[in-house]
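Q: This is a predicted model, with the sequence first.
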Amino acid sequence: MLTKEKILESLENLPDKFELDDFLEELYLIEKIEKAREQSKNGQVYTHAEMQKRIKSWSH
């Protein structure tokens, strides 16, 4: 989940002039990273072996 603090920090790192798409992409990336951190903290992760098994099942 995004916070005002993260959004403001992201704005501070942008140049004075920027494309809206660039800002939205950065916000989207930050949101995905924050979500992944939360999932990791909650143990919602796959081991390397589990991922290999899942990927292998996709090709059948």
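A: That came through fine.
Q: Could you point out the helix or strand that follows the lowest-mean-pLDDT helix or strand in the chain?
A: Sorting the helices and strands of the chain by mean pLDDT, DSSP states H and E puts helix 4-13 at the bottom, at a mean of 93. For helix 4-13, the following helix or strand on the C-terminal side (DSSP states H and E) is helix 20-41.
Q: what's the pLDDT at the residue nearest to Glu38 when sequence neighbours are not counted?
A: Spatially, and ignoring its direct neighbours in sequence, Glu38 is nearest to Met1 (7.8 Å; Cβ to Cβ, 6 or more residues apart in numbering). For every residue, glycine as well, the C-beta is placed using N, CA and C. With respect to pLDDT, Met1 scores 81.
Q: Met1: what's it in contact with?
A: Contact analysis of Met1 by Cβ atoms under 8 Å, 6 or more residues apart in numbering lists Glu31, Glu34, Lys35, Glu38.
Q: thinking again about what came up before, tilt between the least confident helix or strand of the chain and helix 20-41?
A: 140 degrees (axes from the mean of the first three to the mean of the last three Cα atoms, to 10 degrees).
Q: do you know how far the residue nearest to Glu38 is from Ile30?
A: From Met1 over to Ile30 the distance is 10 Å, taken as Cβ to Cβ, to the nearest Å.
Q: which residue is nearest the middle of this protein?
A: Nearest to the geometric centre of the chain sits Lys32, at 2.0 Å (Cα atoms, centre = their mean).
Q: Low-confidence regions, this protein specifically.
A: The chain contains no residues with pLDDT under 70.
Q: sorry, back to before: can you lay out the contacts of Met1 as TSV showing distance to Tyr46?
A: Formatted as TSV, the contacts of Met1 follow (distance: Cβ to Cβ, whole Å):
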residue	distance to Tyr46
Glu31	21
Glu34	19
Lys35	15
Glu38	16
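Q: Next, format those residues as a markdown table and append distance to Leu20 and neighbour count.
A: Formatted as a markdown table, the contacts of Met1 follow (distance: Cβ to Cβ, whole Å; neighbours: other Cβ atoms under 10 Å):
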| residue | distance to Leu20 | neighbour count |
| --- | --- | --- |
| Glu31 | 16 | 13 |
| Glu34 | 21 | 14 |
| Lys35 | 22 | 13 |
| Glu38 | 27 | 11 |
